[in-house]
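A.B. asks: With the sequence up front, the predicted model follows.
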Amino acid sequence: MAEASYPADLLYHPDHDWARVEGDVATFGITWHAQDALGDVVFVEVPAIGALLTQNEPYTEIESVKAVAEVFAPLSGEVIAVNDVLIERPEAINEDPYGEGWTVKVRVADGAEASGLLERDAYVASLDE
Amino acid sequence: MVPFAGWDMPVQYEGVISEHVAVRTAAGIFDVSHMGQIETRGPAALALLQRLCSNDVALISSGGAQYSVLCREDGGVLDDLFTYRLGEQRYLTVTNAANHEQDFAWFVAHRDGLDVEIIDRAADYAMLAVQGPRARSLVGAVAGAPLPARMTVAPGSVAGVQALVCGTGYTGEDGVELLLAPADAPAVWDALVGAGAHPAGLAARDTLRTEACYHLYGNDLDLDHGPIEAGLGWCCKERTGFIGSDAVAASREQPPAQRLVPFVLTERGVARAGDQVIGGGHVTSGTFSPTLEVAIGLAYLPRERAVVGSEFDIDVRGKSRHARVAERPLYKHG
């Protein structure tokens, strides 16, 4: 399992999700903390391309051996790509949560929503509370 | 660490799947010191246990072990137990942590003048389970004498300390369980890990026992279900007249409405304890099987549907998931 890490170039949702914003496209995933708490991931349900996600609403479920977790959208937007790797290799979420383990890419509906997300240091501080 | 019944429980070390696989292919070591122990000794120790335990305790030879359930008068299951015969008139019964105090009180309440001492030994024993195809050779290499056979117990030295070595387990693999003084446990743990046993947590213990179709009290067994419904008729010997034997005999005559069965999901997803079976029944244990690589579990199903091959649907958080009744056990060693 990967070592704990929280890249500085991501924005974080307090429910342990991340967004990498590049222009009007954002990539989503779950944080190292989230995959560590879940343990070995065995199934991921990815939404369909074209699905409309709403910030703070669940958009998928990640199932581990121990538990199931809802995954919350850090930003609103339309799904333009889904990570099909996760269907065959759900463990990519554990191995590489910020790389191969990404979940979806969305066309961001409202860039201003990003102000509601946390920078790395604020998110990491929230984990210690 | 996760709190449970007053204990901090080691749920996971490296990861549940790798720990599970280590037990299935090599050897894992579990700290199950939360399990309780009750010693009964004296001329009427057998008579007391025969009154309480569903199995025929007279059949345990010296150094033997036996599984049973502890029933109320109405047949509801108070706990499931392993009893070891340590001597002619001396037995040690292993209880579940959450039930231990209640079990001990039940033992004392049913002594009824019998000449037997009942001693709470929960604080006197730590318990380490070493399980897997390599478990015996690994423990044997640091033991002072050959290990006891399956379903037997013997005192012996392990890594230089005295222990009760039991040829039992809860994983579906061969192996031993060690009962030893709490102060000695860390050194024995370190010695066995040093010898190659993989630390395994209670999450892996749960996936392993579910594959082996061993019951977990509080999930698959409770006061609302009798042993016949739970598929534990094999460990009930009504001829001994144990408490609850009349109710058990009656449910053999008049089969109960539901029956506990193992199942596999035939599509993606994982059913969890508490999920409802569409058309009646519910899931009592549900997880992902690292060995079979599908979701598995145990469920109470209406009797007419509780047959191998029968297909049914489970409401998994609002989604219907297809399942099939499977043969017991879901995993068999070798």
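C.D. replies: Sure, I can see it. As the structure is a computational prediction, the values presented were derived from the model and not from experiment.
A.B. asks: contacts, neighbours, all on C-alpha from now
C.D. replies: OK.
A.B. asks: List the residues that contact B:V32.
C.D. replies: Applying CA atoms under 8 Å, 6 or more residues apart in numbering or on different chains, we find B:V32 in contact with B:A126, B:M127, B:L128, B:A129.
A.B. asks: Check the gap between the first one and A:V85 for me.
C.D. replies: Here B:A126 is placed at a distance of 45 Å from A:V85 (CA to CA, to the nearest Å).
A.B. asks: How about A:V71?
C.D. replies: 17 Å.
A.B. asks: of these two, who's got more company?
C.D. replies: Higher neighbour count among A:V71 and A:V85: A:V71, with 21 against 15, using other CA atoms under 10 Å in any protein chain shown.
A.B. asks: Helix, strand, or coil at the residue nearest to B:G144 when sequence neighbours are not counted?
C.D. replies: Ranked by CA to CA, 6 or more residues apart in numbering or on different chains and with sequence neighbours excluded, the top spatial neighbour of B:G144 is B:S157, at 5.1 Å. What DSSP: H, G, I helix; E, B strand; the rest coil gives for B:S157 is strand.
A.B. asks: B:S157 contacts B:P146, doesn't it?
C.D. replies: No. B:S157 lies out of contact with B:P146 (CA atoms under 8 Å); the separation is 10.1 Å.
A.B. asks: residues in contact with the closest residue to chain A within chain B?
C.D. replies: In chain B, the residue that lies nearest chain A is B:F288 (5.2 Å; CA to the nearest CA). B:F288 sits next to A:V42, A:S64, A:V65, A:K66, B:T207, B:V270, B:V294, B:A295, B:I296 when contact means CA under 8 Å, 6+ apart.
A.B. asks: thinking the fifth one is in contact with B:S289, fair?
C.D. replies: What that stands for is B:T207. Yes. With contact defined as CA under 8 Å, B:T207 reaches B:S289; the gap is 6.3 Å.
A.B. asks: Can you pick out the residue with more neighbours from the two?
C.D. replies: Per other CA under 10 Å, whichever of B:T207 and B:S289 has more neighbours is B:T207, with 26 against 23.
A.B. asks: show me what contacts the more buried one?
C.D. replies: Applying CA under 8 Å, 6+ apart, the residues contacting B:T207 are B:H20, B:T287, B:F288, B:S289, B:P290.
A.B. asks: my read: the first one touches B:T210, true?
C.D. replies: No. Proximity of B:H20 to B:T210 does not meet the contact threshold set by CA under 8 Å, at 11.6 Å.
A.B. asks: Now the closest residue to B:F242 other than its chain neighbours: which helix or strand?
C.D. replies: Among residues not flanking B:F242 along the chain, B:R51 sits closest, at 4.4 Å (CA to CA, 6+ apart). Using DSSP states H and E, B:R51 sits within helix B:45-52.
A.B. asks: Any buried residues in that helix, and which?
C.D. replies: Buried residues in helix B:45-52, counting neighbours by 16 or more other CA atoms under 10 Å in any protein chain shown, are found at B:A45, B:L46, B:A47, B:L48, B:L49, B:Q50, B:R51, B:L52.
A.B. asks: Same check on stretch B:105-122?
C.D. replies: Those would be B:F107, B:R111, B:V116, B:E117, B:I118, B:D120, B:R121, B:A122, for stretch B:105-122 by 16+ other CA under 10 Å.
A.B. asks: how about the last one, what does it touch?
C.D. replies: Looking back up the chat, that one is B:A122. Contacts of B:A122 by CA under 8 Å, 6+ apart are B:M35, B:G36, B:Q37, B:I38.
A.B. asks: element containing the most centrally placed residue in chain B?
C.D. replies: Centrality entry for chain B: nearest residue to the mean C-alpha point is B:Y170, 5.5 Å, by CA atoms, centre = their mean. Under DSSP H and E, no helix or strand contains B:Y170.
A.B. asks: Spatially nearest residue to it, not counting backbone neighbours?
C.D. replies: Closest residue in space to B:Y170, ignoring its immediate chain neighbours: B:R209 at 5.7 Å, by CA to CA, 6+ apart.
A.B. asks: How far away from the center of its chain is the one helix or strand the one you found maps to?
C.D. replies: B:R209 belongs to helix B:202-211 when assigned by DSSP H and E. Averaging C-alpha positions (CA atoms, centre = their mean, to the nearest Å) puts helix B:202-211 11 Å from its chain's average.
A.B. asks: Helix or strand next in line after it, which one?
C.D. replies: By DSSP H and E, the next helix or strand past helix B:202-211 is helix B:245-253.
A.B. asks: what's the angle from that following helix to helix B:45-52?
C.D. replies: 50 degrees (axes from the mean of the first three to the mean of the last three CA atoms, to 10 degrees).
A.B. asks: pretty sure B:P302 contacts B:H282?
C.D. replies: No. B:P302 is not in contact with B:H282 according to CA under 8 Å; the separation is 9.6 Å.
A.B. asks: For those two, indicate the residue with more neighbours.
C.D. replies: Legend: neighbour count by other CA under 10 Å for B:P302 and B:H282, higher for B:H282 (22 against 18).
A.B. asks: before we move on, the earlier item: most neighbours out of the contacts of B:V32, which is it?
C.D. replies: For the contacts of B:V32, neighbours tallied by other CA under 10 Å; top is B:A129, 26 neighbours.
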